[in-house]
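starting from these lines, generate the structure:
(chains A, B and C)
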Amino acid sequence: MSPLPRMNWDRPHLLGLEELSREEIVAILDLAEHFTQDSRERKKKRANLAGKVVVNLFFEPSTRTRMSFSLAARRLGADVLDFSPSGSSTSKGETFIDTAKNIEAMGIDLVIVRHSATGAPHLLAHHLNAGVVNAGDGAHEHPTQGLLDIFTIRQLRKRVEGLTVGLVGDIMHSRVARSNIHGLIKLGARVIVCGPPTLMPDGIEELGVEVSHKLDDVLPRCDVINMLRIQFERQRSGLFPSIAEYARLFGMDSARLQKAKPDLLLLAPGPINRGVEITPEVADGKHSAILQQVTNGLAVRMAVLYLLCGQPGG
Amino acid sequence: MSPLPRMNWDRPHLLGLEELSREEIVAILDLAEHFTQDSRERKKKRANLAGKVVVNLFFEPSTRTRMSFSLAARRLGADVLDFSPSGSSTSKGETFIDTAKNIEAMGIDLVIVRHSATGAPHLLAHHLNAGVVNAGDGAHEHPTQGLLDIFTIRQLRKRVEGLTVGLVGDIMHSRVARSNIHGLIKLGARVIVCGPPTLMPDGIEELGVEVSHKLDDVLPRCDVINMLRIQFERQRSGLFPSIAEYARLFGMDSARLQKAKPDLLLLAPGPINRGVEITPEVADGKHSAILQQVTNGLAVRMAVLYLLCGQPGG
Amino acid sequence: MSPLPRMNWDRPHLLGLEELSREEIVAILDLAEHFTQDSRERKKKRANLAGKVVVNLFFEPSTRTRMSFSLAARRLGADVLDFSPSGSSTSKGETFIDTAKNIEAMGIDLVIVRHSATGAPHLLAHHLNAGVVNAGDGAHEHPTQGLLDIFTIRQLRKRVEGLTVGLVGDIMHSRVARSNIHGLIKLGARVIVCGPPTLMPDGIEELGVEVSHKLDDVLPRCDVINMLRIQFERQRSGLFPSIAEYARLFGMDSARLQKAKPDLLLLAPGPINRGVEITPEVADGKHSAILQQVTNGLAVRMAVLYLLCGQPGG
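Numbers count the residues shown, from 1 in each chain, chains lettered A, B, ... in the order given. Down below sits the predicted model:
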């Protein structure tokens, strides 16, 4: 395992892709490529974060994101602690910032935060000396998910520039959509957002995307389709008529795939609702890169953690 | 600490004792003996699983089994992650298999699974490339518990062959009973299952065991008695008249012990209900090996983890 | 990082400050000073507890104490396991002692225990061979909190002897108060306990403290004020008229601070209820050492863990 290169990187936090430059995004993707090599070779753990302490501060449920960050941190030699809001001092009336400052005072180096409130990670970044990584804030951003989606596109299509990427589903409530839009546009992709009018935020065109309400219209032009999750637990009632109708209009099945380019790349941030956004045979089919995304997520998060607080040697 | 021998072992999974050969069971027990030495000497951790990642995927509550696997994995140098179904993507509607495949895609090497459904570990083993260890599936098998029971018998009686072992209690709902039966019979023990007729599954004789409904009849013939736990949380109502009557007929107390062989070995998989299956003075008395079983559980699980994915050096 | 000195220390457990001698308390504080140096230098982890296993056995909710112990143990090279009573064998009817003995049988070296029952750690210490650290038992003691409070006083005032320390609030239900009283008096401080008569235990004077019911009377004489938390979750109703009145009589705000010595040191064990015991501007002001306490807690706990089971080399 060769020592990692020292990259040009100044930011102490990763709060969203909106604020990153094209160069910064490419730096993360290039470094992540290094790390995918690592895991393929099953080598020993790196020590770039030896002595560092990373805390998962998750105020919303998560399996894969929390585990992915934990594994990424451990692979780099960091110690990882999980903070769970139940059974904790937040149930004793402590404020969000006090909880975080108390955790920081124990000598934490990085806080991975997920919160239902937009801007919660930015608030922490303002109040803490520790680095902050946004692992999802409300319907705002989920930058490492955006990065791993883009990484997967670049890995499997060898480029991002010039590709047409469709983001399909509940655009309004999706932090994954927002991070994808910012990142993809900076890397030169064309982005089409496609979903029911009731789930499309006003003024989304201003981000530089094309808006559509008919998947069948845009599917033939897309090189990549990213099927957003219907967040049943987040959905306000009345925004679409029924699950069945949603699946018929915006779900991906074998019949609809016929209209797509033969090498269409199909992404989904997961967890997926089989039979709603995507049928089982498509989820497990040749276009799908769903599990590849999960594997890549580890490498992307290693890259982010390394850039925020790693040592080049080791 | 001498390097461990390379054992003959081909299986990628440990799903039950039913499918193991006598030789495979003996291989695990022999290796576990090695590891009991380790813990007695309080030596440094081994590195046989360095760089490996083990996930505890427990869909049923557990203290000792989960901790025992965690400690066993760490003693061998592995990283361990706990997955808890609450606060996770299963609450977002993801399927069991999708959850597991997503965890595997993060580069997991071994999944330790406990599930209320019989066959859940076998389903995972079919779908995953990672190794799978059954930590209890429904009323089917709990192979590492069976192995540690048998290990304790062999350790304290110097043999298993030719011994008569009584399994007492709720045979019908006990995965511990089933794993013990398969393992003990393969190693040449005689097995008597003893419990109320309502808690005795039809056709259990076909496994090669003797069936009894009266503990007082069989106790004098037994070299070992394994007192199964009354699983109040699993029990369907109406299967026995009352706790008090159960304790009177099938519980072990000092008076009943008088009828046993003087060197009777008393096991209980725990957690025990003091005063129900076993009185406090018997649980803490000279016949009892209850805590020894827990200590041995660590060594047996180290052996299993090592055989499934360890490196002989280190 | 120089090897740590071998201190004179015989105790296998830390159950309370009441039973410690002045010399033992000073030994812990001196060693903790060593460790604050460590964390300032961000050096690699020590190996004094390499191969040791520490279990957090918390039967009451905790964020900072549990995390602080976990981090302290890991910094010394120990493995740490969290035991949570929900999802565990205690929900299956196992006794507290059986749970602990089973955990110990897995080869645990130290148990960190928090329990709502006074004396629970002492009970464990009686039954286990492993070391036991009291992380809070009922309204009895919370020795590491007392130690970190005293450490912070000594660090910032350069001495403890001869200082006047006010403990303010719910004295009756506060284990933090009791540990502070025992430790401070042994080190030669004067202690004034101050709170509503309904929250003042009978006979508290016998511990050698002065009792007051008016903060404004005692504030001018104090070098240090420790603002105890109002434990809403513990409070029996009817013990004080209203939160607002409590805050007016016993809360600390900028106006009241005018009556204090100019270099008053303000402590609070946290989590704090902003606007109740202490206003935000005071909590974040120049007198406050609240976050310093948290940082020091790590060093104090490292010292305790080291004394109970560490090796001097490494």
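
and the helices in the stretch 201-314 of chain A?
A:215-218, A:243-250, A:254-257, A:280-283, A:290-309 (DSSP state H, counting those that start in this stretch).

lowest average confidence across those, which one?
Mean pLDDT across the helices of the stretch 201-314 of chain A is lowest at helix A:243-250; the value there is a mean of 90.

can you pull the buried residues of that helix?
By neighbour count on 16 or more other CB atoms under 10 Å in any protein chain shown, the buried set for helix A:243-250 is A:Tyr246, A:Ala247, A:Leu249, A:Phe250. C-betas here are computed from N, CA, C, even on glycine.

now these in a markdown table, with distance to A:Ile204?
Listed next are those as a markdown table, based on distance: CB to CB, whole Å:
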| residue | distance to A:Ile204 |
| --- | --- |
| A:Tyr246 | 19 |
| A:Ala247 | 23 |
| A:Leu249 | 19 |
| A:Phe250 | 16 |
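
next, format these as JSON lines and append distance to chain B.
Listed next are those as JSON lines, based on distance: CB to the nearest CB, whole Å:
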{"residue": "A:Tyr246", "distance to chain B": "14"}
{"residue": "A:Ala247", "distance to chain B": "14"}
{"residue": "A:Leu249", "distance to chain B": "20"}
{"residue": "A:Phe250", "distance to chain B": "17"}
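
output the below-cut-off pLDDT ranges for the stretch 51-200 of chain A.
In the predicted model of the stretch 51-200 of chain A, residues A:86-93 satisfy pLDDT under 70.

which bits of it sit near chain B?
By the rule CB under 8 Å from any CB of the partner chain, the part of the stretch 51-200 of chain A lying against chain B is A:Pro61, A:Ser62, A:Thr63, A:Arg64, A:Met67, A:Ser68, A:Ser70, A:Leu71, A:Arg74, A:Ser84.

tell me which two of those sit farthest apart.
Maximum pairwise distance in those, criterion CB to CB, is 21.3 Å, between A:Pro61 and A:Arg74.

by neighbours, which of the residues of the stretch 51-200 of chain A next to chain B wins?
When neighbours are counted by other CB atoms under 10 Å in any protein chain shown, A:Ser68 leads those with 30 neighbours.

in which helix or strand would I find that residue?
Assigned by DSSP states H and E, A:Ser68 falls within helix A:64-75.

ok, what's across the strand from A:Val54?
For A:Val54, the beta-bridge partners are A:Val80, A:Leu110 (DSSP bridges).

from chain C, how far out is the most centrally placed residue in chain A?
Geometric centre of chain A, nearest residue: A:Gln145, 0.9 Å, by CA atoms, centre = their mean. In this view, A:Gln145 and chain C are 27 Å apart by CB to the nearest CB, to the nearest Å.

where does the closest residue to that residue other than its chain neighbours land in three-state SS?
Leaving aside its chain neighbours, A:Gln145 sits nearest to A:Val176 (5.0 Å; criterion: CB to CB, 6 or more residues apart in numbering or on different chains). Following DSSP: H, G, I helix; E, B strand; the rest coil, A:Val176 is assigned to helix.

cool, the one 4 residues further on as well?
For A:Asn180, the assignment made with three-state DSSP gives helix.

got the contact list for A:Thr36?
Counting by CB atoms under 8 Å, 6 or more residues apart in numbering or on different chains, A:Thr36 makes contact with A:Gln155, A:Thr295, A:Asn296, A:Ala299.

quick one: which helix or strand includes it?
A:Thr36 belongs to helix A:22-41, assigned by DSSP H and E.

now the strands for the stretch 151-300 of chain A?
Under the criterion DSSP state E, counting those that start in this stretch, the stretch 151-300 of chain A contains strands at A:164-168, A:190-194, A:210-212, A:224-227, A:265-267.

got the contact list for the second one?
Translated: strand A:190-194. A:162-169, A:171, A:177, A:180-181, A:184-185, A:200, A:204, A:208-215, A:218, A:221-222, A:250.

select only the buried ones of those in PyMOL?
Burial among the contacts of strand A:190-194 is assessed by 16+ other CB under 10 Å; the matching PyMOL selection reads:
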select buried, chain A and resi 163+164+165+166+167+168+169+171+177+180+181+184+185+200+204+209+212+213+215+218+222+250
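
before I go, just wanted to say thanks for your time.
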